[in-house]
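Colleague: whatever this is, show me its structure:
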Amino acid sequence: MDYLLAFSKVFGINNNDNELCLAQYRVISAQAPLYYLIMIGAIFSVSYVSMSSVPAHLTIVSPLVLLIGFLSIYYGYVIPRSLTLSSYRRAVVFSLHFSVWGTIGFGAAYGYWIFSIFQYTSYELEFLIVGISGIAVFGASVCLMHLRAAALALFVFSLGPLTLYFWFSGDSNQTIVAAIITLITVIFTKVAYRYGDDFSNLTTQRIKVEAQKQLAEKVSVSSRKLANLDSLTGLANRRAFLTNLNSQVENIRQQQIDGLAVGILDLDGFKQINDIYGHKVGDRLLQTAGKRLRDLLSRDLFIARLGGDEFGIIGHGDYSSEQLVQLGQRVCDAMRIPFDMGDFSAHLGGSVGFAKWQNGKYEGEDLFEQADYALYHAKDNERGGVVIFDESHARTIREVSGVDRRLRDASFEDEMSLVYQPIVTLDGITLGFEALARWNSPILGSISPDVFIRSAERAGTINELTAILLEKALLEFQGWSEDLFLSFNLSMQDIMSTKAMLKLVTIVQKSGISPRRITFEVTETSMMLNYEQAMQSLALLKNMGCKIALDDFGTGYSSLAYVLQMPLDKLKLDRTFIAEIENDADARAIVQSMIGMCQKLNIECIVEGVETVGQYETLRDIGCNIIQGYYYSRPLSGLDARTYVKDAHKVEIAG
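Modeller: Numbering: from 1, shown residues only. Next up, the predicted model:
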């Protein structure tokens, strides 16, 4: 059948333009019923008006033969839907060629049939038949305009014999009709060519527009995907997490789900490894952690990386507190499995905070903030554990919110004060005092330092507060014995701000007190936030002559490598090691090893939280020299602290 395709250029069919051929096929397919209806109507009309004067084989048999042939062309034009794509495209091209050839055959047969009828008709009937045929052929050709070769073929082969018959009949009226038909044919040909070119151009433009639209949609889909995907871990990102959370909140409001829980995981110890070994190792750790979460958790849970070393979990369902604790513990256990980094194994941990939907007017952000609060409560109090947000946390938030409001309006000079806790040798000799901040609000009363210090950090006023407290402490310390030192705590934001550190240096210089009598305490957590900046701040204080103490040692994740790099003069062991030291052999061994480490590094070791005779005696037996705690004294006012020093060089045991 390939010989049918040999006249592609003549027919104006571009075999290589699949989209144009398909567009032509679709339009012709849609208009084919009209084309067939018009020509079938013409056949029956001519047969009817000729029946009285024309033999039956021309008015009955011949029309039936034409009709059968006409319908066979239609069935040959239809393409089966079961073809493959390449076969379908080839079938479309073939159908277009078949349409032209079929129209040529039908037009020639129709023209011959009309010419045969003219042998028996009257002069008037010939004009009627030409009128019927002309109108029908013109209407049918319009239906085929998108395939101009077929439209012109129908015009030429259907009306051509009649036009020639009229032209050479010798009758002036018929000659005029022939001339009109010829003129219409020429005009129609010109219009058909122009229409065909316009259709081809429009189809090409449409294809280009659709291609651009598809490309734009593809880019849009890719952009949306990238906008909601964490490129490092392949998990959803923070944006997708919050979008999903808000969607789930809407679902629970519409009672499409019966519960909702939000969890946040924070990797304990990640920052230290990231700082020591670099971002490449840190990225591999995050990728592995993300994969562990995917492998561990059910597909019903939505998992995302929120940023840094935090991951989010959303679960829809009526989770009990016990189920959430079990889920969180599984996550924490998975994070405690050593991470194989090739040259070494990284040991991390995980803390998880959960918040559950409660009957109330919650928004997605509310649940997220509750889970975030539960997470940081876990990090502060149950590091490596799971905390579920409950009413006690909500009450604390309300209280803290009140503190935040009052602190913004507080007069630091008037409302903030200091107390001093002795730092003493086991022989009872007082070496110095640690200055501890106190806030007695005229509205709220006495507020815990843990609460208002964090409130000041959130409000961004901690640098101002630190400076005022240091001025107060140094002013009061001026009249104290020269052999005593003053220990003063710095917050995370203090050592992260060069401007704040320069302010503190100025205060020390103006105080008239020797910098060697001043010790600044920093915590492991504050050092690990930005190690390089923290080291610069410590170097500034150290170069001035001040001493540096690492506070709460053992509760964070700093390694011995960090301790060796820090310009430390003192190391303070956290009270958590002391609580069970009398009965816990492991606790004693840890404290003893830390004391020994400090002695070898020539660093003073101060043990905090000593309260009982048993703790005191145990520390004495394992070689401890300096302690701080209620065993000797509670924190004292400035006046009481001076009295304490004057009354006894060896203090009595506090009752």
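Colleague: can you list the low-confidence ranges for the chain?
Modeller: When residues are selected by pLDDT under 70, those of the chain lie in 1-12, 14-16, 70-71, 73-89, 216, 219-226, 360-361, 554-562, 648-655.
Colleague: need the outlier residue of it, farthest from its centre.
Modeller: Gly170 (85.9 Å; CA atoms, centre = their mean).
Colleague: confirm that residue sits in a helix?
Modeller: No - according to DSSP: H, G, I helix; E, B strand; the rest coil, Gly170 belongs to no helix; its state is coil.
Colleague: how close does it sit to Leu128?
Modeller: With the distance defined as CB to CB, to the nearest Å, Gly170 ends up 20 Å from Leu128. C-beta here means a position set from N, CA and C on the backbone, and glycine is covered the same way.
Colleague: now the strands for the stretch 551-655 of the chain?
Modeller: Remark: strands of the stretch 551-655 of the chain, listed N- to C-terminal, are 570-573, 604-608, 626-628; assignment by DSSP state E, counting those that start in this stretch.
Colleague: now the stretch 251-400 of the chain
Modeller: Secondary structure of the stretch 251-400 of the chain (DSSP E, counting those that start in this stretch): strands at 260-268, 302-307, 310-316, 339-340, 345-346, 349-356, 386-388.
Colleague: quick one, phi psi at Ile443?
Modeller: phi -100, psi -50 (degrees, to the nearest 10).
Colleague: quick one, what contacts it?
Modeller: Arg406 (CB atoms under 8 Å, 6 or more residues apart in numbering).
Colleague: what does Val522 give?
Modeller: The neighbours of Val522, taking CB under 8 Å, 6+ apart as the test, are Leu490, Ile495, Ala534, Leu538, Ile548, Ala549, Leu550, Asp551.
Colleague: repeat that for 6 Å
Modeller: With contact set as CB atoms under 6 Å, 6 or more residues apart in numbering, Val522 has these partners: Leu490, Ile495.
Colleague: do Ala56 as well
Modeller: If you count contacts by CB under 6 Å, 6+ apart, Ala56 has none.
Colleague: now do Tyr373
Modeller: The contact partners of Tyr373, by CB under 6 Å, 6+ apart, come to His393.
Colleague: do you know how far it is from Thr185?
Modeller: Plainly put, Tyr373 is 87 Å away from Thr185 if you go by CB to CB.
Colleague: beta-bridge partners for Ile548, please?
Modeller: Residues found in beta-bridge contact with Ile548 (criterion: DSSP bridges) are Phe520.
Colleague: settle this for me: it is touching Ser537, isn't it.
Modeller: No - at 9.8 Å, Ile548 does not count as touching Ser537 under the criterion of CB atoms under 6 Å.
Colleague: between those two, which is the more surrounded one?
Modeller: Neighbours were counted for Ile548 and for Ser537 using other CB atoms under 10 Å; Ser537 has more, 26 against 21.
Colleague: surely the more buried one touches Met501?
Modeller: Yes - in this structure, Ser537 sits in contact with Met501. The criterion is CB under 6 Å, and the distance is 4.8 Å.
Colleague: minimum distance to Val508: which of the strands of the stretch 251-400 of the chain has it?
Modeller: Set against Val508 and scored by CB to CB, the strands of the stretch 251-400 of the chain come closest in strand 260-268, at 34.9 Å.
Colleague: doesn't Glu521 make contact with Asn489?
Modeller: Yes - Asn489 is in contact with Glu521 according to CB under 6 Å; the separation is 4.7 Å.
Colleague: hang on, the earlier thing: look up phi and psi at the residue farthest from the centre of the chain.
Modeller: phi 90, psi -10.
Colleague: before we move on, what about Val27?
Modeller: As for Val27, its main-chain torsions (degrees, to the nearest 10) stand at phi -70, psi -50.
Colleague: and it, how far from Leu147?
Modeller: Between Val27 and Leu147 the distance is 8 Å, computed by CB to CB.
Colleague: looking only at neighbour counts, state which of these two leads.
Modeller: Using other CB under 10 Å, the more surrounded residue of Val27 and Leu147 is Leu147, with 27 against 17.
Colleague: tell me the contacts of that one?
Modeller: By CB under 6 Å, 6+ apart, the contact set of Leu147 is Gln24, Ile28.
Colleague: mind redoing it with 7 Å?
Modeller: For Leu147, the residues meeting the contact criterion (CB atoms under 7 Å, 6 or more residues apart in numbering) are Gln24, Ile28, Leu96, Ser99, Val100.
Colleague: among those, which one sits closest to Val419?
Modeller: The nearest member of those to Val419, counting by CB to CB, is Gln24 at 93.5 Å.
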